[in-house]
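**Student:** structure for the following, please:
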Amino acid sequence: MPESQLVDIKNLTQEELIEFLSGLGKERFRASQIMRWIYGRDVCSFDAMTDLAKALRQELQQRATVSSLQPEAVEESSDGTRKYLFRLDDGQSVETVRIPMEAGRATLCISTQVGCAMGCSFCHTGSFGLVRNLTTAEIVNQVCAARRDGPIQNIVLMGMGEPLDNLENVIKALKIFYLPEGLDFSPRKVTLSTAGLIPQMLDLGRRIKINLAVSLNATTDEVRDRLMPINRRYPLKELMAACRAYPLAPRQKVTFEYILIRDVNDSDQDAKRLVGLLHGIRAKINLIPYNEHPGSPLKAPTARRIEAFQTYLLSRDMIAIRRASKGQDISAACGQLKGKLDGTKSKQTSTS
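**Tutor:** Below you'll find the predicted structure:
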């Protein structure tokens, strides 16, 4: 069978793998065996799966494959942040960021699309436009590759792309993340960030457990329309209503990401409006100073503005955490490494 027609096992949930094996006349428990080899031991060769009968291994080689990603480039910051650029089979590329946390722990920020259709003005990825969705395997393989550099405690779907714009593949990847025979993550350790696709957001909450983060970044429709064009389709009033309706576990909260941009959304009035906007929502707020990048006119807020904004929120009994920017000495913001390396390749190609 041509390689392009082989079934990539990493595109399959456990239920789909059981169905695939059933079509070969094989028992259900073989799915768990195969997944433990792939995700527990990072094995990509059927020959190495020694508790499978030789005949089954040979049949799998003829009908299936196990994909893998290796980084084409890695940048490492002085603070330990590591950014990977992965080249995909069709020549496209995506980024993944390993972020060191306290006590030797690590969070992995993964991508869900090549490029992004949301067009947010503060995000470098938006300048590429949307090229395509990642497959389930391409989402999962980012985690598999990063784990070779050490354990990962948390996963955040906050890299390139809008996860809810690729909902079906994202949900399949989450099932593999959570499966004990898969990557064995607790849903409490996985967070999805959305720009605010309301129907998909509510669908996600009905279908699978996950921490929800909403990229908010403005307290008026006028400003959010400019920063995030999706707001023209789903304005703040509708978005806040959807957040109130999102199903939460007893101690769970919706995280609101608020990128502070100088003289755009960092005023005292913005802080006051934010408190009113989140009324009645079990919320916590991540304040993120804007990460400046070449070609963008937007500027980072001053330290005094950040402190004043946070202080006001805390004084109103809001949970407001300032997220320190990591990897500022490398291409850490979404799309920067891709833009730098792929842009260089394009220039070399055009001059050769």
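**Student:** can you map out the helices along the stretch 251-352 of the chain?
**Tutor:** Using DSSP state H, counting those that start in this stretch, the helices of the stretch 251-352 of the chain run over residues 268-277, 303-315, 336-351.
**Student:** who touches the shortest one?
**Tutor:** Applying Cβ atoms under 8 Å, 6 or more residues apart in numbering, the external contacts of helix 268-277 come out as 216, 218-220, 236, 240, 258, 285, 308-309, 312-313, 316, 318. The way it works is simple: take the backbone N, C-alpha and C, and place the C-beta from them, glycine included.
**Student:** please save the CA atoms from that helix in PDB.
**Tutor:** The C-alpha trace of helix 268-277 is given here as PDB (Å, rounded to 0.1, in the frame of the first residue of the first chain):
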ATOM      1  CA  ASP A 268      -7.900  52.800  35.000                       C
ATOM      2  CA  GLN A 269     -11.300  52.900  33.100                       C
ATOM      3  CA  ASP A 270     -10.400  49.700  31.400                       C
ATOM      4  CA  ALA A 271      -9.700  48.100  34.800                       C
ATOM      5  CA  LYS A 272     -13.100  49.300  36.100                       C
ATOM      6  CA  ARG A 273     -15.000  48.100  33.100                       C
ATOM      7  CA  LEU A 274     -13.300  44.700  33.300                       C
ATOM      8  CA  VAL A 275     -14.600  44.200  36.800                       C
ATOM      9  CA  GLY A 276     -18.100  44.900  35.600                       C
ATOM     10  CA  LEU A 277     -17.800  42.800  32.500                       C
END
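**Student:** mean confidence score for that helix?
**Tutor:** Averaging pLDDT along helix 268-277 gives 98.
**Student:** and that helix, how far out from the chain middle?
**Tutor:** Distance of helix 268-277 from its chain centroid, counting by Cα atoms, centre = their mean, to the nearest Å, is 28 Å.
**Student:** quick revisit: by mean pLDDT, show me the worst of the helices of the stretch 251-352 of the chain.
**Tutor:** Among the helices of the stretch 251-352 of the chain, helix 336-351 carries the lowest mean pLDDT (a mean of 50).
**Student:** tell me which stretches of the chain form strands.
**Tutor:** Under the criterion DSSP state E, the chain contains strands at 7-8, 64-65, 71-76, 82-87, 93-100, 106-109, 113-115, 130-133, 154-157, 190-194, 211-215, 254-260, 283-289, 319-322.
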